[in-house]
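[1] A structural model of the following input is requested.
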Amino acid sequence: MNRLLPLLLILSISGYLSAREIKVYNKCPFTTWAGILGPGNPAGGGFRLNAGETKSVFVDDAWKSGRIWPRTECDGNMNCATGSCGPREQCNGAGGEPPASLAEFTLRGHEGLDFYDVSLVDGYNIPVLIDAQGGHGACKRAGGCFKNINDICPGDLAVRRNGRTVACKSGCLAYNNDQECCRGAFGTSDKCRQSKTAMLFKEACPSAYSYAYDDATSTFTCKDATYVVQFC
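    Here you go, the predicted model:
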């Protein structure tokens with residue numbers, strides 16, 4: 001009997017069990033391209049999603065500082081209106097160009113909890129939300145928007161294409177000052193307060209990060225869940 005086979009089977013099973021599934025669902029009525037950044041370069045860093053399509057990404061059970069974001073209106077050369085990571089479908093270690101809505105994950109963090117959030121700190125392109133399935137703990141929905149921020153985006157924050165607003169910059173991205181970016185004299189939670197620009201984002205998307213210290217209403221935890229990242 002080949003004694004190596006049982007060992008290989010055990011290693012294979014343990015590797016499978018240590019993987020975690022994140023489903024990316026494009027609920028938009030148009031094509032999007034998911035960008036993915038994080039350890040292990042899951043799915044090569046991204047893929048195309050037709051309207052209504054779902055694809056699964058498998059990441060390490062202790063995936064840290066991972067992010068998923070939508071890219072929109074990409075042409076055949078992958079020149080995208082928003083969220084571009086360069087002229088490629090698979091971002092392969094490159095981040096997305098802001099403004100873009102981000103789904104962020106740290107799995108098996110403090111006390112074995114998963115931490116997840118939707119961040120608009122660098123701006124917004126389309127609505128993003130995260131649902132936890134089959135986990136233990138609070139496991140609440142993160143993100144989701146009552147309003148399309150592009151429809152209410154002030155002119156000096158708007159990113160336009162063919163006369164339409166396709167994304168909205170955050171105050172930090174647009175103005176690059178210490179107060180909006182929570183740095184310098186405003187670099188602590190007691191000094192940095194939600195600006196009028198951040199309030200606009202928060203009112204539209206109440207459970208998403210609107211500025212750097214928006215933790216209380218924007219960070220969520222769960223344990224051992226499968227996650228669904230939904231675009232639109």
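[2] Mind jotting down where the helices sit in the chain?
    4-17, 149-152, 171-175, 178-181, 196-204 (DSSP state H).
[3] Return the member of the ones you listed having the minimum mean pLDDT.
    Comparing mean pLDDT across the helices of the chain, the lowest value falls on helix 4-17: a mean of 39.
[4] how about the most centrally placed residue in the chain, what does it touch?
    The structure's the chain has its C-alpha centroid closest to Ala103; by CA atoms, centre = their mean the separation is 1.8 Å. Applying CB atoms under 8 Å, 6 or more residues apart in numbering, one finds that Ala103 lies in contact with 67-69, 116-118, 128, 130, 142-143, 229. In this view, the C-beta of every residue, glycine as well, is placed from N, C-alpha and C.
[5] change it to 6 Å
    68, 118, 128, 130, 229 (CB atoms under 6 Å, 6 or more residues apart in numbering).
[6] So for stretch 53-73, what gets flagged as buried?
    By neighbour count with 16 or more other CB atoms under 10 Å, stretch 53-73 contains the buried residues 57, 59-60, 63, 66-73.
[7] any idea of the mean pLDDT for it?
    Mean pLDDT, stretch 53-73: 97.
[8] which other residues reach it?
    18-26, 32-38, 40, 42-43, 47, 80-83, 96, 100, 102-108, 125-126, 229, 231.
[9] Could you give the number of residues near the residue lying closest to Leu49 once chain neighbours are set aside?
    For Leu49, ignoring the flanking residues on the chain, the nearest one in space by CB to CB, 6 or more residues apart in numbering is Asn26 at 3.8 Å. Residues near Asn26, counting by other CB atoms under 10 Å, number 24.
[10] Check Cys153 too.
    Other residues close to Cys153 by other CB under 10 Å number 23.
[11] And the pLDDT for Ser18?
    The model's pLDDT for Ser18 equals 70.
[12] now do Ala132
    Reported pLDDT for Ala132: 98.
[13] Return the set of residues that bridge with it.
    Tyr227 (DSSP bridges).
[14] number of nearby residues for it?
    Ala132 has 23 nearby residues by other CB under 10 Å.
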